[in-house]
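Asker: Quick one: sequence and predicted model below, then my questions.
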Amino acid sequence: MKVALVTGGTGFVGSTLAKALLQGGWQVRILRREHSDLRAIGNTDVEHRFGDVRDLGSLKRALGGVDVVFHTAALVSYRRRERETMYETNIGGTRNVVQACLEGGVGRLVHTSSIAAIGFTPDGSPADETTEFNWGSYDVGYRISKHEAELEVKKGVKDGLDAVIVNPAIIIGPGDIHMHGGQLIRDVYKWRIFYYVSGGMNVVSVDDVVQGHLAAYHRGRTGERYILGGENLTHKEVFTTIAKLLHRPTPLFRLPNSIARAVAASAERYASITMSKPWVTRELIAGLGTFSWYSVEKAKKELDYSFVPLKEIIPTTADWFRSHNML
């Protein structure tokens with residue numbers, strides 16, 4: 001029986017991946033912190049190893065006897081005050097994972113990156129794996145961290161590591177305990193978003209992303225990256241689809257970009273005063289007006305990748321949120 005280590009195994013993608021691996025007959029080990037939120041992983045029959053990707057020693061200890069590492073651990077934040085910790089986790093943690101895999105002789109590393117590490121096209125056409133990172137001038141910490149984390153993996157490949165990179169789009173599905181992509185559902189449900197903004201996004205099911213990870217392990221080419229995306233939709237189409245499925249009012253008007261930025265700045269100021277988490281930040285909407293659309297043709301061709309439309313993701317996700325008192 002093959003053994004897989006999943007870093008970030010209590011998180012959204014990591015927990016869903018761990019369950020899929022178990023169903024596929026794998027022995028699964030997860031690396032997690034001692035006080036991790038266990039709502040997503042639940043009582044799943046996985047081996048728990050305590051540690052942190054920022055602690056190289058704990059990684060090395062967790063890697064013993066492992067055939068493959070799925071590195072899903074990451075900090076997703078668009079708050080400047082969390083940038084240092086995010087860099088330590090996303091960049092430094094990936095550097096540690098690469099080093100531990102090289103020294104431990106791990107058969108393959110599948111690194112979970114993001115479309116955040118891929119650039120955008122000036123004309124709004126779908127970007128692909130060859131589109132160079134051009135977000136630097138926007139100074140978005142999360143995007144920078146995922147881009148530089150990929151560079152750490154590529155250095156490892158040059159040193160002989162068998163590694164594949166996957167780049168999921170905005171992920172929605174059950175198990176999103178930190179409300180990343182799921183925030184779209186909650187905001188529409190609570191009627192925080194009763195408008196739409198210009199531009200567009202790519203939204204994908206967590207189950208499709210997990211299947212893409214497994215396919216990348218089996219069929220991905222060493223050193224290559226694969227976009228794991230879903231539908232390319234305008235923001236209006238996304239908000240409207242969610243609103244209709246949740247029986248909420250559809251967006252009433254287009255909010256000018258200047259007003260959206262002012263709202264984000266106000267949300268940050270209010271959060272600073274109340275010591276709370278802002279529901280929107282200027283970094284989160286830094287690319288406002290761009291069409292963050294992506295092509296999955298490479299993944300389709302090489303990994304036999306496929307995805308379901310947004311309308312099939314929303315009902316089960318909303319039900320999971322309700323059952324966990326998150327909606």
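Answerer: Thanks, I have it. Numbering: from 1, shown residues only.
Asker: only C-alpha atoms for contact and neighbour calcs from this point on.
Answerer: Fine.
Asker: Am I right that Phe133 is in a strand?
Answerer: No - under DSSP: H, G, I helix; E, B strand; the rest coil, Phe133 falls outside any strand and is assigned coil.
Asker: Tell me how far it lies from Asp37.
Answerer: Per Cα to Cα, to the nearest Å, Phe133 is found 33 Å from Asp37.
Asker: Please apply the same query to Ala216.
Answerer: From Ala216 to Asp37 the distance is 27 Å (Cα to Cα).
Asker: ranges for the strands of the stretch 201-327 of the chain?
Answerer: 225-228, 231-234 (DSSP state E, counting those that start in this stretch).
Asker: just those strands: most buried one?
Answerer: Scoring those by mean neighbour count under mean count of other Cα atoms under 10 Å gives strand 225-228 as the most buried, with a mean of 28.
Asker: Neighbouring strands - and their directions - for that one?
Answerer: Strand 225-228 pairs in its sheet with strand 163-168 (parallel), by DSSP bridges.
Asker: Send over the strand it pairs with as PDB, restricted to the C-alpha atoms.
Answerer: The C-alpha coordinates for strand 163-168 follow below in PDB (Å, rounded to 0.1, in the frame of the first residue of the first chain):
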ATOM      1  CA  ALA A 163       7.700  17.600  -8.700                       C
ATOM      2  CA  VAL A 164       4.500  18.700 -10.400                       C
ATOM      3  CA  ILE A 165       2.700  22.000  -9.800                       C
ATOM      4  CA  VAL A 166      -1.100  22.400  -9.900                       C
ATOM      5  CA  ASN A 167      -2.800  25.800 -10.100                       C
ATOM      6  CA  PRO A 168      -6.400  25.800  -8.900                       C
END
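Asker: quick one: it to chain centroid distance?
Answerer: 11 Å (Cα atoms, centre = their mean, to the nearest Å).
Asker: Please enumerate residues in contact with that strand?
Answerer: Strand 163-168 has contacts (Cα atoms under 8 Å, 6 or more residues apart in numbering) with 108-115, 117, 150, 153, 156-157, 204, 209, 212-213, 216-217, 220-229.
Asker: What is the neighbour count of the residue nearest to Ala265 when sequence neighbours are not counted?
Answerer: Nearest residue to Ala265 in three dimensions, chain neighbours excluded: Arg282, at 6.2 Å (Cα to Cα, 6 or more residues apart in numbering). If you count neighbours by other Cα atoms under 10 Å, Arg282 ends up with 21.
Asker: before we move on, what about Tyr305?
Answerer: 22.
Asker: what's near enough to touch it?
Answerer: Tyr305 neighbours (Cα under 8 Å, 6+ apart): 211-212, 215, 228, 296, 299.
Asker: Reformat those into CSV and put pLDDT and distance to Val98 next to each item.
Answerer: Formatted as CSV, these follow (pLDDT from 0 to 100; distance: Cα to Cα, whole Å):
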residue, pLDDT, distance to Val98
Gln211, 98, 23
Gly212, 98, 21
Ala215, 98, 20
Leu228, 98, 22
Val296, 98, 26
Ala299, 98, 23
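Asker: Let me know the closest of these to Arg248.
Answerer: Leu228 (29.1 Å; Cα to Cα).
Asker: does that closest one really touch Glu297, like I thought?
Answerer: No - look at Leu228 against Glu297 with Cα atoms under 8 Å: they stay out of range, at 9.7 Å.
Asker: Which residue ranges of the stretch 51-200 of the chain form helices?
Answerer: 56-62, 83-87, 93-104, 141-158, 183-189 (DSSP state H, counting those that start in this stretch).
Asker: Mind putting the ones you listed into TSV with mean neighbour count, mean pLDDT and distance to Ala265?
Answerer: Formatted as TSV, the helices of the stretch 51-200 of the chain follow (neighbours: other Cα atoms under 10 Å; pLDDT from 0 to 100; distance: least, Cα to Cα, whole Å):
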stretch	mean neighbour count	mean pLDDT	distance to Ala265
helix 56-62	18	96	38
helix 83-87	17	96	18
helix 93-104	22	97	30
helix 141-158	21	97	17
helix 183-189	19	92	18
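Asker: quick one: which of the ones you listed is nearest Val69?
Answerer: Short answer: helix 93-104, nearest of these by Cα to Cα, at 7.9 Å.
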